[in-house]
Every structure is written in structure tokens, then in C-alpha cells.
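Asks: Predicted model, plus sequence, below.
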Amino acid sequence: MPSFKVDTSTAVVFVATAPVPKLVNKQTGERSIDRETGADLSTVGLLISDEGEGNLYQVTIPETGLPEGLTPGMPVSVIGLKARDWENTFNGQARHGISFRAVAVTVGA
């Protein structure tokens, strides 16, 4: 499925939740890995505010693109943010949504 660039050049971005490992399987603890780089993936909650509207996004980022010590409330910049729609069926239930992925997060606005 195609992905779309998300322009955050005029947005204010803050860490909402600290990075947590993204797992392929919660029972085994197997980590998700970036297919291109082989880096472990994590998910970070980001509050992105632009044009008077703020939204919380769960963004997947390779560990190589995460600085040490990210904590809630820190202003950050997002590099290479993309959105992709997804759809699947689980236990007979159709599900769909939008996933967000970025190359990196840097500290400071």
C-alpha cells in the first residue's frame, strides 16, 4: 500500500508517551524490525499541534532514530513522517486504520 508524507514543518510536536518496543508477538517478546535497516522498532506517542488542532499519534520509529532520554513533555522534531492506511481481518472482524512511521525524532523544536 502507498504511504503519504505528513508535513510537520509548521506544527509544534511534543513527546506524549516515552518510546516502547514494538513487538511482533507479545507472548514471545519478539521485537519488530525495520526491513530496510534491520534496526529494532519502537513506538512513541507524539502530540502534534497545528492550525489550532492537536492530535495524539502513535508513531513507529527505528531505535537508531531515537535519541536517549525522550520523556513526556519534551519538544521534538519529526523527520520523515509518513502515514499509511491498513486493513486486515482478525477472528472474522474487519479492521482498518492509519499507521504512522518516521525515520527519526530529534530533541528541540
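Replies: Happy to help now that I have it.

Asks: low-scoring stretches of the protein, by residue?
Replies: Applying pLDDT under 70 to the chain flags residues 1, 109.

Asks: Helix or strand: which one has the one residue sitting closest to the centre of the chain?
Replies: The centroid of the chain falls nearest to Val59 when counting by Cα atoms, centre = their mean (1.0 Å). Per DSSP states H and E, Val59 falls inside strand 53-62.

Asks: And that strand, how far out from the chain middle?
Replies: 5 Å (Cα atoms, centre = their mean, to the nearest Å).

Asks: The residue nearest to the centre of the chain and Leu81 touch, don't they?
Replies: Yes: contact criterion Cβ atoms under 8 Å: Val59 and Leu81 qualify, at 7.0 Å. For every residue, glycine as well, the C-beta is placed using N, CA and C.

Asks: which residues are common contacts for the two?
Replies: Common neighbours of Val59 and Leu81 (criterion: Cβ atoms under 8 Å, 6 or more residues apart in numbering): Phe100, Arg101, Ala102.
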